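In: Give me the fold of what follows.
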Amino acid sequence: MAVPPDEEPHLGQTWSETTAVGVRPHLETTVFTPFRDWAETGHWRGVTATLALHFTDVPGGCRVHATGEISGQGAWAVPAGAAGLMASRAIAADLRKAGRIMASRT
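Out: Just a heads-up that it's a prediction; the model follows:
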């Protein structure tokens with residue numbers, strides 16, 4: 001289930017997406033304070049991941065502080081731990097891409 005293109009972001013919004021490695025988590029917006037804070041939680045099989053973004057105004061734009069956590073249950077604990085080791089690079093790449101998209105809209 002993808003988010004309809006005309007749907008405004010909101011607390012409790014749910015969707016699914018396919019990641020670069022083929023994982024298809026179910027996601028939910030868990031924090032939504034426009035222009036300040038946004039967080040999501042995703043579940044896939046025995047893995048749970050959270051991502052939180054905090055936006056701070058700076059001259060000419062904003063600074064984004066991202067935090068995240070990945071955990072796994074049972075047989076998924078080790079793969080979740082490995083994913084957690086790589087998550088910061090993936091999050092940074094996603095934020096750079098989002099920044100380029102936003103910059104092209106101004």
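
In: Any regions of the chain where pLDDT drops low?
Out: Counting by pLDDT under 70, the chain shows low-confidence ranges at 1, 106.

In: Helices of that one, residue ranges please.
Out: 77-104 (DSSP state H).

In: residue ranges for the strands of it, please.
Out: Using DSSP state E, the strands found in the chain span residues 14-16, 26-33, 37-44, 47-58, 61-72.

In: deepest of these, which one?
Out: Mean neighbour count (mean count of other CB atoms under 10 Å) peaks for strand 37-44 among these, with a mean of 17. Heads up, the C-betas are built off the backbone N, CA and C, glycines and all.

In: before we move on, back to that, for the strands of the chain, give me TSV that also has distance to M102.
Out: Formatted as TSV, these follow (distance: least, CB to CB, whole Å):
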stretch	distance to M102
strand 14-16	20
strand 26-33	18
strand 37-44	14
strand 47-58	11
strand 61-72	9
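
In: The residue located most distally from the centre of the chain and R96: what is the separation?
Out: Counting by CA atoms, centre = their mean, the extreme residue of the chain relative to its mean C-alpha position is P59, 24.9 Å from that point. The span separating P59 from R96 equals 20 Å under the rule CB to CB, to the nearest Å.
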